[in-house]
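Chemist: Prediction below, plus the sequence it came from.
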Amino acid sequence: MKKRAAVFLCVLSLVLLTVACGGKYSDIISVNKQFAKVMETYVTALEKAESAKDVAAAINRFADGMESLAPEMKAINKKYPELRGDGDLPEELEQSRKETEAVSQRYAESFMKMMPYMADPDVQAAQMRLSKVMSEIGQE
């Protein structure tokens, strides 16, 4: 479970570092907006979840969204390898990073809501699917 969360957070960090921008990086604004929308929908669904079925459905919808964004995210990661490290972001990316921090914080909080349902087979299957999708995005 911790490994899945770590993989997800690593990929999320990579995405946040590479898909939030303007100016030189204006070609990735569309992907960032799509990612933010998918993430917001996921977090909201987790916050409202009241059963294992709800959690599994939220995870699967998020995996669907990430699968559709995967080709564009991979292309961005390849195009901007300089943004993959933990170094300082270019100034034009800072504003977008700040805007995504709120949804990232909400994700961390909603993750705790999933914990009671992690033994459910449907939730485990959905989580495995999401882990696979996120791992594929992080690969070159």
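Modeler: Okay, I see it.

Chemist: In this structure, what residue spans correspond to helices?
Modeler: For the chain, helices defined by DSSP state H occupy the ranges 2-18, 29-48, 52-79, 91-114, 121-138.

Chemist: would CSV of these with mean pLDDT and mean neighbour count be doable?
Modeler: Placement of C-beta: from N, CA and C, glycine included. Listed next are these as CSV, based on pLDDT from 0 to 100; neighbours: other C-beta atoms under 10 Å:
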stretch, mean pLDDT, mean neighbour count
helix 2-18, 56, 16
helix 29-48, 87, 17
helix 52-79, 94, 18
helix 91-114, 78, 15
helix 121-138, 94, 17
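
Chemist: Quick check: chain neighbours aside, which residue is closest to M73?
Modeler: With sequence-adjacent residues excluded and distances taken as C-beta to C-beta, 6 or more residues apart in numbering, M73 is closest to I137, at 5.1 Å.

Chemist: ah, wrong one, I meant V43
Modeler: With sequence-adjacent residues excluded and distances taken as C-beta to C-beta, 6+ apart, V43 is closest to R106, at 4.7 Å.

Chemist: For A119, what are phi and psi?
Modeler: The phi/psi pair for A119 (degrees, to the nearest 10) reads phi -80, psi -10.

Chemist: can you pull the pLDDT of it?
Modeler: We have a pLDDT of 96 for A119.
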